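Asks: Quick one, structure for this:
(2 chains)
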Amino acid sequence: MTTDTSLKDAIDQQTHRGFLAWLISRQIFWILLAVIIAIIAMMLLTKTFATPQNLFNVTRNFAFVGIVGLGMTAVIITGGIDLSVGATVLISAMTTTIIMHAGLPITLAIPASIAASLLVGLINGVLIAIVGMPAFVVTLGMMSIARSIGMVMSNNALIYEFGPDQAILFSIGGGSVVVGGLPIPNPLIVMVLLALITGFALRWTRWGRHLYAIGGNEKAAVLTGVPVKAVKISVYMFVAFCAGLTGFLQTGWLGSVTTGFGTGLELTVIAATVIGGASLAGGTGTALGAVVGAALIEIIRNSLTLLGISTFWQGTFVGSFIILAVASNLLRNKDTGE
Amino acid sequence: MLDSRDQEAPARAFLKLSAVRKTYPGVVALAGFDMLVGPGEVIGLVGENGAGKSTLMKILGGVTVPDSGTIEIDGAPYAGLSVGGSMKAGIAFVHQELNLFDNLDVAANVYIGREPRRGGVLNLVDEKQMRADVLPYLKRLGANFAPNTPVAKLSLAQQQMVEIAKALSVNARLVILDEPTSSLPLAETDKLLEVIAGLKAEGIAVIFISHRLHEIERASDRVLVLRDGVLVGELKKAEIDHDRMVKLMIGRDLKVAYAAPKLDKGEVVLAARGIRTAAYPTRDVGLELHAGEILGLAGLVGSGRTELARVLFGVDPLYAGTVTLNGEPVTLRNASDAVARGIFLVPEDRKGEGILLDLPISENISLPDLDAYARSGLVSPALERVQAERSRSELGIKAPTVMTRTGSLSGGNQQKVVLAKWLAMRPKVLIFDEPTRGIDVGAKAEIYRLMRGLADAGVAVLMISSDMEEVIGVSDRIAVMHEGRISGLLGRAEFSEENVLRLAVGKPLAKAG
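Replies: This next block holds a predicted model:
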């Protein structure tokens, strides 16, 4: 390394290295490209894909994974993991259901379901950050506990009666806002807003910087005075908040709640964030990545259905994408001599 | 450059390098290097970072192949070695970062990958045999631990012995020690030097690489000095001298000269009384740190120095005692509390604890104090860059830009980044734990200058160091710790290696006279 390169030269070098070179070095770029190619291919191959009804379904479905994916990305940036998000979705949905089924107003159900979810996140966070247990173990245990409590709450009944505010609940989760003639599903709007806030927070706030610092080197973060414990608790509460929001919205969309709610969601969400460029080793990940990763998974799912391919093949496609995304990232980094 | 004939030819060379050359794109790492190593010879190899030492080691270890030149081992010529070939030829390495498995015991570490088996259908590992086999090697090295001790329980010096035992067990003829003492405390260093003497007596050659020139001076029969890939000097036993080596290494004179403080010792800034730490829960330790002074904290590793520093920085719990800052008692529950009060720590393990290698310089500097770089709650990269630029010019951080990834900097420059983040926050107390470990001579002097500059600006500086030259050369006062308490305080007039060592092992000072 030459030491007498002037600052200006060096900055010039960095900025003029070429936008294209920078772009193709990003995993997110390739995933986005895959999403676009898949969309174009589906538009050419089928008549059913580009219909407003199908797009409405696709975007709404992926919004749920995207919302939880945003929280998961924050957790993964710190080098953690949360396996209990699917069960948290159930807790939130059950809380909503029980309160509204009892005839109480939705204005109570919303804060209560979010509070119940935050409690799950708080317990996870305290056990991980203060007691110092591994995140994988804590949230694995919590996955089991939360789902079981959700089942106890339901009394194993399928509930589809939501009291006087039922119409409001259904219209929030299942409704849409018409923009320029196209109906945009409400969950998508929530996801976009949350993605903007999360993306902003990760990039520009103290909290966001601290997440990357903890994921990069937790010991150094501690010795630099970063409030590591508080930040870690906050991040598990954030992902639980996202799961709680999803639980509530999904209840409104489906109009009924079963004990199987959110089962397996944690793995889909982790897959989405990894495809979107987050590293399970911590230190990397973006809000956009989570959203694009979630979109890709949903498009694969939808395409297979529309093309009449057995849904049993879904796992193969999603799994291949996870491995391909991470492998290509590894190869590109080797090229740049890291 | 010296010709190989100038090197004192040992009776029959074990290893002979002739005109070995290795280039990387844009850099000549080794420019026609010659070296002879005889059996039982201890060769000191010194040079600044980037002088070509590591390239030479990579060639000997078979990791890279030279562009030209020959390597002769026992008279057999090679154009290049492979990793396996190097091992088979009897070359063994003990790296600065030890390659041991903490979770396995000593014997398992020595025999990893070639465990003795019991035969039979299952062909199980014969642990008993393995432990019996490793015992003679441990005895030869004068080790004081059993073959079934888990490596995690051993001190660094003991772990090095395990590595050396591994070398002995494969019948190594040449043991290469890469910076073996940089993490060792005084007494353990002596132990290692004894082990080197033992290897020599058995006819095993040693190449000893170190930044600690006093140890090179004590251990080596011959010293080779590398600079910019060229052998710039060879010193015979009688010629080995600290200043001469430094001069050859950097091409000019440089001495760690004691700079007297500008100001008289100021008020007591930080006072610790009756402190008990996790390491020594029954021993009280106390010290007073004045504004404008550099207090050296010497002692053996395990004497409780690092633990004291960690308590003063709030990362370890305080079991008993009080800490006062400018006369006010303070409670430090975590590092954030200490940072908020202007007490900062530059940790020993720079890469593991000091900085975030993946972040740019500017983000490392702003991390502890992001509020100061925020505009209406949002961190401003522009403000971060302004501060980073200021730090870069003030501390002389050598980097292409302040957006450069910190991990790509040299050790000295990384240490400056650690310092820069604290300096940007106006320190009252700065605690350095082994501030120049693994940093080359030129950068060391700069770090010392910065430390002195801080003290002169009224900062109270506490410097933990196992490097005798550094403790004596840099401190205004020296506090020596022994088994969890301060065993003595030395003023400048009493500074000597002997005094520090006596206090470190718990003996009283020799009566003057």
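Asks: Next, count neighbours for the closest residue to chain B within the stretch 101-250 of chain A.
Replies: Of all residues in the stretch 101-250 of chain A, A:Gly225 sits closest to chain B, at 3.2 Å by CB to the nearest CB. (Glycine included, C-beta is placed from N, CA and C.) Counted with other CB atoms under 10 Å in any protein chain shown, the neighbours of A:Gly225 add up to 26.
Asks: And the pLDDT for it?
Replies: On pLDDT, A:Gly225 comes in at 88.
Asks: Would you quantify the distance from the closest residue to it other than its chain neighbours to B:Leu325?
Replies: Closest residue in space to A:Gly225, ignoring its immediate chain neighbours: B:Val339 at 3.2 Å, by CB to CB, 6 or more residues apart in numbering or on different chains. For B:Val339, the distance to B:Leu325 equals 13 Å [CB to CB, to the nearest Å].
Asks: before we move on, which element is the residue nearest to A:Gly225 in?
Replies: Here B:Val339, judged by DSSP states H and E, is contained in helix B:335-340.
Asks: And for B:Ala13?
Replies: B:Ala13 belongs to no helix or strand when elements are defined using DSSP H and E.
Asks: For it, give me its contacts.
Replies: B:Ala13 sits next to B:36-38, B:72 when contact means CB atoms under 8 Å, 6 or more residues apart in numbering or on different chains.
Asks: Make CSV out of the residues you listed and add secondary structure, distance to B:Lys444 and pLDDT.
Replies: Shown next, in CSV, are these (DSSP: H, G, I helix; E, B strand; the rest coil; distance: CB to CB, whole Å; pLDDT from 0 to 100):
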residue, secondary structure, distance to B:Lys444, pLDDT
B:Leu36, strand, 31, 91
B:Val37, strand, 28, 92
B:Gly38, coil, 32, 92
B:Glu72, strand, 36, 91
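Asks: who wins for neighbours among those residues?
Replies: Going by other CB under 10 Å, B:Val37 tops the contacts of B:Ala13 with 26 neighbours.
Asks: In this structure it contacts B:Leu15, no?
Replies: Yes - using CB atoms under 8 Å, B:Val37 is in contact with B:Leu15, at 4.2 Å.
Asks: Need the overlap of contacts for the two.
Replies: Contacts common to B:Val37 and B:Leu15, judged by CB under 8 Å, 6+ apart, are B:174, B:205.
Asks: Any idea how many residues pack against the residue in the stretch 201-350 of chain B that chain A sits nearest to?
Replies: Residue of the stretch 201-350 of chain B nearest chain A, by CB to the nearest CB: B:Val339 (3.2 Å). Neighbour count for B:Val339, taken as other CB under 10 Å: 23.
Asks: next one: B:Leu56
Replies: Neighbour count for B:Leu56, taken as other CB under 10 Å: 27.
Asks: Which positions in the stretch 151-300 of chain A make contact with chain B?
Replies: The stretch 151-300 of chain A comes close to chain B at residues A:204-206, A:208-210, A:212-213, A:216-217, A:219-227, A:229, A:283, as judged by CB under 8 Å from any CB of the partner chain.
Asks: 6 Å instead?
Replies: A:204, A:206, A:209, A:213, A:216-217, A:219-220, A:222-225, A:227, A:283 (CB under 6 Å from any CB of the partner chain).
Asks: Which pair of those spans the longest distance?
Replies: With CB to CB as the measure, no two of these lie farther apart than A:Trp204 and A:Lys219, at 25.3 Å.
Asks: Verify the contact between B:Met161 and B:Lys139 for me.
Replies: No - in terms of CB atoms under 6 Å, B:Met161 does not count as a neighbour of B:Lys139; the distance is 11.2 Å.
Asks: Show me what the lowest-mean-pLDDT helix or strand in chain B is in contact with.
Replies: Sorted by mean pLDDT, DSSP states H and E, the helices and strands of chain B end with helix B:242-250, the least confident at a mean of 81. With contact meaning CB atoms under 6 Å, 6 or more residues apart in numbering or on different chains, helix B:242-250 is reached by B:46-48, B:213, B:225, B:232-233, B:253-254, B:441-442.
Asks: check the residues you listed against chain A, which are close?
Replies: Answer for these near chain A: none qualify (CB under 6 Å from any CB).
Asks: Redo these as CSV? Include secondary structure.
Replies: Converted to CSV, the contacts of helix B:242-250 look like this (DSSP: H, G, I helix; E, B strand; the rest coil):
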residue, secondary structure
B:Val46, strand
B:Gly47, coil
B:Glu48, coil
B:Leu213, helix
B:Val225, strand
B:Val232, strand
B:Gly233, strand
B:Asp253, coil
B:Leu254, coil
B:Val441, helix
B:Gly442, helix
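Asks: Grab the nearest non-local neighbour of the most centrally placed residue in chain A.
Replies: Among the residues of chain A, the one closest to the centroid is A:Gly69, at 0.8 Å (CA atoms, centre = their mean). Excluding the flanking residues, the one nearest A:Gly69 by CB to CB, 6+ apart is A:Ala290, at 3.7 Å.
Asks: for B:Leu367, same thing?
Replies: B:Leu367's closest residue in space is A:Thr224 (CB to CB, 6+ apart), at 5.3 Å.
Asks: okay, the residue nearest to the centre of chain A: pLDDT?
Replies: Here, the pLDDT recorded for A:Gly69 equals 97.
Asks: same check, this time on B:Leu186
Replies: On pLDDT, B:Leu186 comes in at 66.
Asks: Quick check: end-to-end length of stretch B:398-415?
Replies: This stretch, stretch B:398-415, spans 11 Å end to end (CA to CA, to the nearest Å).
Asks: distance of B:Gly32 from chain A?
Replies: Applying CB to the nearest CB, to the nearest Å, the value for B:Gly32 to chain A is 24 Å.
Asks: Doesn't that residue lie inside a strand?
Replies: Yes - with three-state DSSP as the criterion, B:Gly32 is part of a strand.
Asks: Confirm for me that it is in contact with B:Val20.
Replies: No - B:Gly32 is beyond contact range of B:Val20, at 7.0 Å (criterion: CB under 6 Å).
Asks: Pick out whichever of the two has more residues nearby.
Replies: Neighbour count, other CB under 10 Å: between B:Gly32 and B:Val20, B:Val20 has more, with 22 against 17.
Asks: Which element, helix or strand, includes the residue nearest to that one when sequence neighbours are not counted?
Replies: Closest residue to B:Val20 in three dimensions, ignoring its sequence neighbours and counting by CB to CB, 6+ apart: B:Gly69, at 3.5 Å. Assigned by DSSP H and E, B:Gly69 belongs to strand B:68-73.
Asks: for B:Ala399, what are its contacts?
Replies: B:Ala399 neighbours (CB under 6 Å, 6+ apart): B:361, B:409.
Asks: element containing it, please.
Replies: Using DSSP H and E, B:Ala399 sits in no helix or strand.
Asks: So for B:Ile275, what's the nearest residue that isn't a sequence neighbour?
Replies: Leaving aside its sequence neighbours, B:Ile275 sits nearest to B:Gly321 (CB to CB, 6+ apart; 3.8 Å).
Asks: which residues of the stretch 401-513 of chain B fall in helices?
Replies: Remark: helices assigned in the stretch 401-513 of chain B by DSSP state H, counting those that start in this stretch are B:411-423, B:441-456, B:468-474, B:497-504.
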